[in-house]
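>>> What follows is a predicted structure for the sequence shown.
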Amino acid sequence: MRRVFAVGGILSMFASTLGAFGGVGEPASPVVISEIHYNPAVGDGEFVELSNVSASEIDVGGWSMRIGIEFQFPSGTILGAGQRLVLTRDLAAFASEYGTAAFGQYSGALSNGGETIELADITGGVVDTVAYDDAAPWPVSPDGGGPSLELRSLASDNSLASSWAASTASGGTPGAPNTAETSGSVPTISDVSAAPFRPNPGDPIVVQARIGQPSSATLVYRVDFGPELTLPMADDDASVGGAGDGVVSAVIPAQVAGSLVRYRVEVHGADGDVSVPSAADSIRFLGVVVRDSTRRAGLPAIEWWMEDSVYDDLRANHRFDDLFGPAVIAYDGVVYDNVRMRVRGGQTRTLDHNSWHVEMPAGHLFDMPGLLTTGPVDEFNLQWDAFPVASMAWEIADRIGFSGIDYFGVQTYRNGRFWGAGSYSTNIDGKWRRDRGLDTGNVYKGDGYPALEPTPSPESYAGLLEIKEGLDDDYQAVWSFARGIGAGTPSDRHDYILDHVDVPRMVNYLALIGYLKHWDAAHHNWYLVNDAAGTDRWYLLPWDLDMTLKLKANTPVVGDYLIPDRGALPGAMFDFSDLEAMYFRRLKTLIDEYPLPQVPTQLFGDRFAEAAPDMLADYQLWHQFEKPDVRAEKFAAGVKERAKLFASKTGGTSRKPIPLSQSAERPIVITEIQYHPSSAASSSSS
């Protein structure tokens with residue numbers, strides 16, 4: 001039976017619109033993927049729209065969507081000339097969202113991070129394929145921002161990002177003409193690049209792009225924070241590839257060492273304009289950095305640019321209000337335009353050489369290949385200090401299960417000049433939490449004292465705990481948890497902890513900060529996590545491990561810190577002998593696996609040798625704290641002091657609570673297994 005779609009429904013005919021292409025010529029495929037709504041802002045009404053761009057009806061029976069999503073069209077399905085057909089993940093959600101029915105429901109789901117989707121005919125031959133993305137040069141607002149991805153012209157090459165735009169209609173236009181749609185052939189642009197990728201002083205910079213005809217192109221560029229300049233881009237005998245190959249180019253004059261050169265390619269056609277980066281992108285420029293051969297080798301170099309007026313204002317007036325300023329950042333020649341930076345930290349906000357928080361523009365991720373174990377990130381921290389005690393501590397934390405934190409020394413250059421030696425640090429926010437499934441629970445950052453003590457009302461936690469994730473916007477959940485661990489009879493509190501705390505995670509956390517003497521983890525420098533969508537248990541994650549293994553003389557308030565800070569949650573654990581015994585047993589395994597002073601000293605020493613020249617240059621520039629070698633001597637003394645303390649407290653007695661090492665022999669063995677009991681045995685044991 002032929003399935004023919006009626007005019008007026010979600011599968012409406014737009015033959016008059018498509019017929020206007022006239023002499024432009026039809027696309028290579030008679031049916032094209034014309035709209036993709038892969039990450040709706042609300043609901044579950046994601047969809048894919050297909051359009052018949054030919055002048056004839058097409059029998060699509062037996063055709064299929066494959067790769068990413070799967071759907072097979074029933075036999076006899078006819079797609080008329082000019083018709084659009086919509087497939088969705090959820091028929092009911094789609095009908096509720098748009099008030100009309102989609103043609104069919106596919107299995108699987110469109111990836112929010114971009115993927116390839118493909119339409120195949122009854123023989124399995126590819127009819128059309130689109131590899132969309134949620135990052136530039138593709139429009140980024142369709143990634144959860146509300147609009148769909150729309151093809152700007154049904155006659156254009158839909159494999160090119162420049163052929164797509166974000167819909168101006170919230171939720172897109174399934175089954176109807178796209179809001180960005182034109183009847184002509186819109187200009188396209190691809191393969192934009194600059195050469196050399198890392199120019200030297202004196203090297204002209206050649207920018208090229210492949211563009212669709214008929215159209216013209218302009219190169220817009222600026223050096224550092226200078227004015228925007230323009231150059232015509234030509235496809236002639238002098239251009240890259242020679243005349244008539246569709247590749248246009250222009251030459252930016254050579255610049256001095258350390259210069260930031262940013263550029264944009266604009267293409268102009270009778271039916272519209274397009275640019276790379278596009279006008280809808282979160283960045284306006286691509287870029288290159290001119291090499292500076294006078295820079296010394298050393299720690300990995302992160303370069304950043306911020307106008308002096310912005311830099312001075314942030315440091316003079318906004319150290320404590322978290323106001324961002326625009327900046328540009330680069331690593332190994334890769335330029336990231338339009339990042340945001342703000343002063344960060346606690347007391348270190350007041351330093352001349354301060355720390356910065358960096359947020360990437362939407363749809364763009366920062367990467368340091370070979371260094372970032374977690375992959376590209378959407379935000380990170382530039383810590384003021386390259387002294388490698390924190391990187392040593394995070395290495396040990398990673399080995400015992402607190403993985404996913406990259407922390408290592410870097411040298412930084414602002415506006416082409418050495419700005420100091422610091423550290424790259426992962427930030428436990430945004431993408432980091434999503435990648436680890438922590439966005440489905442409640443996450444808080446400790447910011448004030450007494451952060452987890454029982455309080456008279458939930459509102460008391462405002463200012464003490466910063467809500468980072470979850471639905472506990474009125475602090476009811478954490479208030480109830482604090483009362484459970486801190487109020488009631490000892491027996492009630494003990495049972496509550498066993499029922500609501502992730503005890504193994506907490507024991508591991510406490511052992512880590514006890515081993516490291518992470519004394520700065522009282523009211524802050526931790527994250528509180530509630531696995532609300534899973535076990536509903538609570539635990540702490542460590543943070544900011546830079547104040548570790550300090551000499552007792554430098555931490556007089558906390559003393560030897562054999563038992564970590566007795567804040568509410570740690571204190572609740574140590575109120576009970578069985579839980580305290582778990583802590584000391586785990587602490588002993590860390591001492592055995594990572595002996596002091598050998599392991600911390602070795603990890604620190606390897607990093608210090610690499611960072612010392614840059615740290616000395618930093619000290620000579622800023623004169624903050626003590627010289628690197630003096631700090632290293634104090635660290636070595638702190639490690640030895642910790643080792644001596646552990647040795648003096650090992651014995652398994654009340655005065656020496658750290659137990660002796662466990663025997664390598666297994667004291668308990670499995671001696672009997674009833675793997676398939678009879679029915680009689682089962683019922684008698686039940």
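In hand now; what should we look at? Small disclaimer: the values here were computed from a predicted structure and weren't measured. Residues are numbered from 1 along each chain as shown.

>>> I figured Leu438 was touching Glu469, is that so?
Yes. With contact defined as CB atoms under 8 Å, Leu438 reaches Glu469; the gap is 6.3 Å. Every C-beta, even on glycine, is put in place using the N, C-alpha and C of the backbone.

>>> So Phe71, which state does it fall into?
For Phe71, the assignment made with DSSP: H, G, I helix; E, B strand; the rest coil gives strand.

>>> residues contacting it?
When contacts are counted by CB atoms under 8 Å, 6 or more residues apart in numbering, Phe71 is found next to Ser64, Met65, Leu87, Gly104, Gln105, Tyr106, Ser107.

>>> Do you know the pLDDT at the fifth one?
Same thing as Gln105. Note on Gln105: pLDDT of 96.

>>> is it true that it touches Ala95?
No. With contact defined as CB under 8 Å, Gln105 does not reach Ala95; the gap is 10.8 Å.

>>> ok, now which ones touch Thr350?
By CB under 8 Å, 6+ apart, the contact set of Thr350 is Arg319.

>>> which stretch of helix or strand covers Gln310?
No Gln there; residue 310 is Val. Here Val310, judged by DSSP states H and E, is contained in helix 308-317.

>>> follow-up on the earlier one: dump the contacts of Phe71 into a markdown table; add secondary structure, distance to Ile563 and neighbour count as well.
Listed next are the contacts of Phe71 as a markdown table, based on DSSP: H, G, I helix; E, B strand; the rest coil; distance: CB to CB, whole Å; neighbours: other CB atoms under 10 Å:
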| residue | secondary structure | distance to Ile563 | neighbour count |
| --- | --- | --- | --- |
| Ser64 | strand | 64 | 18 |
| Met65 | strand | 60 | 22 |
| Leu87 | strand | 60 | 21 |
| Gly104 | strand | 63 | 16 |
| Gln105 | strand | 58 | 15 |
| Tyr106 | coil | 57 | 23 |
| Ser107 | strand | 54 | 9 |
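
>>> Closest one of these to Pro147?
Closest to Pro147 out of the contacts of Phe71 is Leu87 (18.7 Å), distances taken as CB to CB.

>>> circling back: could you identify the most distant pair in the contacts of Phe71?
Across those, no pair lies farther apart than Ser64 and Gln105, at 13.8 Å, counting by CB to CB.

>>> Quick one: neighbours of Ile285, just the number.
I think there's a mix-up here, since residue 285 is Phe and not Ile. Look at Phe285: counted by other CB atoms under 10 Å, it has 20 neighbours.

>>> For burial, what's the neighbour tally of the residue nearest to it when sequence neighbours are not counted?
Distances taken as CB to CB, 6 or more residues apart in numbering put Arg262 closest to Phe285, at 3.5 Å, once the chain neighbours are dropped. The local packing of Arg262 (other CB under 10 Å) involves 25 other residues.

>>> what helix or strand is Arg262 on?
Using DSSP H and E, Arg262 falls in strand 260-269.

>>> just checking, what packs against that strand?
Under the contact definition 3 or more CB pairs under 8 Å, 6 or more residues apart in numbering; DSSP states H and E, strand 260-269 sits against strand 189-195, strand 205-211, strand 216-223, strand 272-276, strand 286-289, strand 325-331, strand 334-344.

>>> Would you mind telling me which of those is nearest Val639?
Val639 sits nearest to strand 334-344 of all the helices and strands packed on strand 260-269, at 28.3 Å, using CB to CB.

>>> partners of that closest one, with directions?
Strand 334-344 has its sheet partners listed here by DSSP bridges as strand 325-331 (antiparallel), strand 355-359 (antiparallel).
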